[in-house]
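1. task: produce atomic coordinates for the following.
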Amino acid sequence: AGHKVADLAAQIAGVQGAALAEKDLALVMIGMNDILELYASYPATGRDALLAEARTRGAAFGAQVNQLALRGPAVVVLTVPDLGLTPFALAQNTSTGDATRSALISALVAAFNNRMSVALINDGRLIGLVYADIEVQNNVKFAASFGLANVVAAACRADAPLPGCTSATLVDTATASTWLWADALRLSPAGQSRLGLLA
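-> As a prediction, the model looks like this:
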């Protein structure tokens, strides 16, 4: 929780047991907290500077994934989901009086993901890339096709934040299998399951 790209190397180094090798699989997903940190500095920091920093962090993430893959394990890396479609981002449009806030968050995610993906070793052997951002976009655009009843609100009640949210603490009409978002920023079990299937 709270970790950013700058923390990834320490997380990898902290893996217990034998060194990761060819018979291991590493599943890597990080960057949400980087995007939120960048967004929090807007508008004091301008859009162009934020997008440039998102690209820098994406490139740094890609380089770390390459280093991990070259050490031996197969790596499956997930892009950052499109946070501009979260309940948090939609609320930002209203609370700030700026209807472009969610679009800015989506642009930061896209800049980060695009730079990360082009930095990866792309030989079809070392690294598998899962487009979590596109999957979330498809889930929102074609909700009924994915069996989703709600793609704009959080399923967990405000008095039961994660990780304490359970099937007994959901808002009325919410289910873990038909709502996309668990809370304002994190995917529900339904959303997580779809990413798992892609991975």
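2. okay, now the closest residue to Val77 other than its chain neighbours: neighbour count?
-> Among residues not flanking Val77 along the chain, Val28 sits closest, at 4.7 Å (C-beta to C-beta, 6 or more residues apart in numbering). Just so you know, the C-beta spots here come from the backbone N, C-alpha and C atoms, and that holds for glycine as well. Residues contacting Val28 under the criterion other C-beta atoms under 10 Å number 19.
3. where does Val28 land on pLDDT?
-> Reported pLDDT at Val28 in the predicted model: 96.
4. kindly report the same for Ala1.
-> 86.
5. quick one: it from Gln11, how far?
-> Distance from Ala1 to Gln11, counting by C-beta to C-beta, to the nearest Å: 12 Å.
6. and those two? Which one has more around it.
-> A side-by-side neighbour count of Ala1 and Gln11, using other C-beta under 10 Å, places Gln11 first with 12 against 5.
7. work out for me the element the more buried one sits within.
-> helix 8-13 (DSSP states H and E).
8. of all the residues in that helix, which ones are buried?
-> Within helix 8-13, the residues that count as buried by 16 or more other C-beta atoms under 10 Å are 8, 12.
9. tell me the helices and strands packed up against the helix or strand following that helix.
-> Counting by DSSP H and E, the element after helix 8-13 in chain order, helix or strand, is strand 25-28. Under the contact definition 3 or more C-beta pairs under 8 Å, 6 or more residues apart in numbering; DSSP states H and E, strand 25-28 sits against helix 47-70, strand 74-78.
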